[in-house]
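In: here is a sequence together with a model predicted from it:
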Amino acid sequence: MTMVTVTLSHIRAARERIAGKVEHTATVLSPSLSERLGVPVHLKLEHRQTTGSFKLRGASNAIASLRADEKARGVIAASTGNHGRALAHAAKLEGMRAVICMSRLVPQNKLDEIRRLGAEVRIVGDSQDDAQQEVERLVAQQRLVMLPPFDHPAIIAGQGTLGLEMIEQVTDAGLVLVQLSGGGLASGVASAIKGVSPGTKVIGVSMARGAAMKASLDAGRPVLVEEPPTLADSLGGGIGLDNRLTFAMCRDLLDDVILLSEDEIATGIGHAYAQEREIVEGAGAVGIAALLAGKVKAKGPVIVLLSGRNIDMNAHRRIVCGEAIGERAA
């Protein structure tokens, strides 16, 4: 495996590159979670980002890094929804063509928003790997530029700007909880935080159903996993058997990985709404869910990332009303 990494200097350069294109989101104290954990717990409100998730950071940095001839060809990506929406938004601002390939597991509300932004949508197969095969076919056929959702240096560096903001907003943070899927977010955030504050722990959080990075870390190499439906649909998908960056970065930078049941994720969504007055999708709620499930111990201030809000509101209503909790919701 080629040893490639994204460093603090890459992330700082990305912050300059995307300045004015993304929101600098707030970090607020959660009284309810602070009381429960016995230390200050801060919520990073990245779900309020333009396009409703952190993905705009990586997409904006990747597009800003393209040459003029690459922009003229257009971009393509596989997505579980939020990367596609972010890429469609960033491409539209540049007047570029964007093609987004997704599996049948992607919720309808995310498909609709990507189409609204003017991107071409292709629904292929029942997994992220199926969608990726269509991406590779179109890259070869139409010479589109592939900007994958996580295993790309500009994507990782863009997501890492979130880590810079968090550690600057809570300078004495002892622990950061970050969503873990393909690893673009987790590796970027961990690289930024460890680069500024080496003593701060960074823990990845994912769902128990189809956690590809956790399975790969346990195996010591990238592996394939089944992708069953989950409330944390944004965390679905594999990491790629030919993974170049995020596997090694997550292996080297994350202090631990926590997995959550569907019931625990649903509880996190409900708490975010009832106690924090925030609407978040399943993936966005996993940090809160990990705290509520008693799976986190901390001696100092904690930062919990709320990564996205792009949930179907009918599904959200059922979850917070207790009508579609856990295994029944998937």
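Out: Nice, I can see it. Residues are numbered from 1 along each chain as shown.
In: need the helices for the stretch 51-200 of the chain, in chain order.
Out: Using DSSP state H, counting those that start in this stretch, the helices of the stretch 51-200 of the chain run over 55-64, 68-73, 82-93, 108-116, 128-142, 153-169, 184-196.
In: so where's the longest strand in the chain?
Out: Longest strand in the chain by number of residues (criterion: DSSP state E): strand 201-207.
In: picking that back up, can you add mean pLDDT and distance to residue 225 and give the helices of the stretch 51-200 of the chain back as CSV?
Out: Using the backbone N, CA and C atoms, a C-beta is placed for each residue, glycine as well. Below are the helices of the stretch 51-200 of the chain laid out as CSV (pLDDT from 0 to 100; distance: least, CB to CB, whole Å):
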stretch, mean pLDDT, distance to residue 225
helix 55-64, 97, 21
helix 68-73, 96, 32
helix 82-93, 95, 19
helix 108-116, 92, 21
helix 128-142, 92, 10
helix 153-169, 98, 21
helix 184-196, 98, 17
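In: helices and strands around the longest strand of the chain, which ones?
Out: Here strand 201-207 touches strand 175-179, helix 184-196, helix 212-219, strand 256-260, helix 286-292, going by 3 or more CB pairs under 8 Å, 6 or more residues apart in numbering; DSSP states H and E.
In: let's see 10 Å
Out: strand 175-179, helix 184-196, helix 212-219, helix 246-253, strand 256-260, helix 262-274, helix 286-292, strand 302-305 (3 or more CB pairs under 10 Å, 6 or more residues apart in numbering; DSSP states H and E).
In: does residue 218 touch residue 250 like I think?
Out: No: counting by CB atoms under 10 Å, residue 218 does not reach residue 250; the two are 11.9 Å apart.
In: of those two, who's got more company?
Out: It is residue 250, of residue 218 and residue 250, that has more neighbours when counted by other CB atoms under 10 Å, with 25 against 11.
In: how near is the more buried one to residue 281?
Out: Distance, residue 250 to residue 281, using CB to CB, to the nearest Å: 22 Å.
In: next up, the contacts around the residue most central in space within the chain.
Out: Closest residue to the average C-alpha location of the chain: residue 185 at 5.3 Å, with CA atoms, centre = their mean. Residue 185 is in contact with 46, 53-55, 57-58, 149-150, 155-156, 158-160, 162-163, 178-179, 204, 235, 246, 283, 305, 307, counting by CB atoms under 10 Å, 6 or more residues apart in numbering.
In: same check, this time on residue 157
Out: Neighbour list for residue 157: 6-15, 17-18, 57-58, 61-62, 65, 184, 188, 191-192 [criterion: CB under 10 Å, 6+ apart].
In: so how far is residue 134 from it?
Out: To residue 134, residue 157 is 26 Å away according to CB to CB.
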